[in-house]
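1. Below are the sequence and a predicted model for it; my questions follow.
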Amino acid sequence: VPGYGDSPPVETVATAQGRVAFLDHVLQELSMRRPVLVSPSMSGRFALPFLLARWEQLAGFVPIAPVGTKDYAAEQYQQVQVRWVVGLLRGPWVLVSLIGQPAVGQRVAVVPDAGHACYLDKPEDFHQALLGFLRQLK
């Protein structure tokens, strides 16, 4: 994503609105209709504002310890009506405390004995949980 890793900073994504517009543009350019948005770590700065502003464009949301969860109120998360897995990692997670128990279509998936980058720590377990969620969307 712009401004992370080796990519240069981009002024247009300095705000949450800019990041929503950027992600919307990427999805349009790729001709993606109702994708499942997978958001590990720092990508939360892009995915969470997009989720809250444009959730109706998504078939599902998979947050994986995303950064920025505390930037939004519980009421904002509770208005999102998209199927999602609430965290693919070990232990309790901040979104669970924000939204309470998962609603219909939401579930908590835990990758035991994995750290922040559970997809690297335990890739087989991570992929099994992710594919299980994706199968539910069919």
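-> Received it, and whenever you're ready, just let me know what you need. Treat the numbers as computed from the prediction; the structure is a model and nothing was measured.

2. Would you mind listing the buried residues in stretch 67-77?
-> Going by neighbour count (16 or more other C-beta atoms under 10 Å), the buried part of stretch 67-77 is Val67, Gly68, Thr69, Tyr72, Gln76, Tyr77. All C-beta spots, glycine's among them, are computed from the backbone N, C-alpha and C.

3. which of the residues in stretch 10-30 are buried?
-> Along stretch 10-30, these residues count as buried under the neighbour rule (16+ other C-beta under 10 Å): Val13, Ala16, Gly18, Arg19, Val20, Ala21, Phe22, Leu23, Leu27.

4. ok, back up a step: select from the buried residues of stretch 67-77 every entry located in strands.
-> Assigned to strands by DSSP state E, none of the buried residues of stretch 67-77 qualify.

5. would JSON lines of these with pLDDT and distance to Leu58 be doable?
-> Formatted as JSON lines, the buried residues of stretch 67-77 follow (pLDDT from 0 to 100; distance: C-beta to C-beta, whole Å):
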{"residue": "Val67", "pLDDT": "85", "distance to Leu58": "19"}
{"residue": "Gly68", "pLDDT": "87", "distance to Leu58": "17"}
{"residue": "Thr69", "pLDDT": "84", "distance to Leu58": "17"}
{"residue": "Tyr72", "pLDDT": "88", "distance to Leu58": "16"}
{"residue": "Gln76", "pLDDT": "87", "distance to Leu58": "15"}
{"residue": "Tyr77", "pLDDT": "83", "distance to Leu58": "14"}
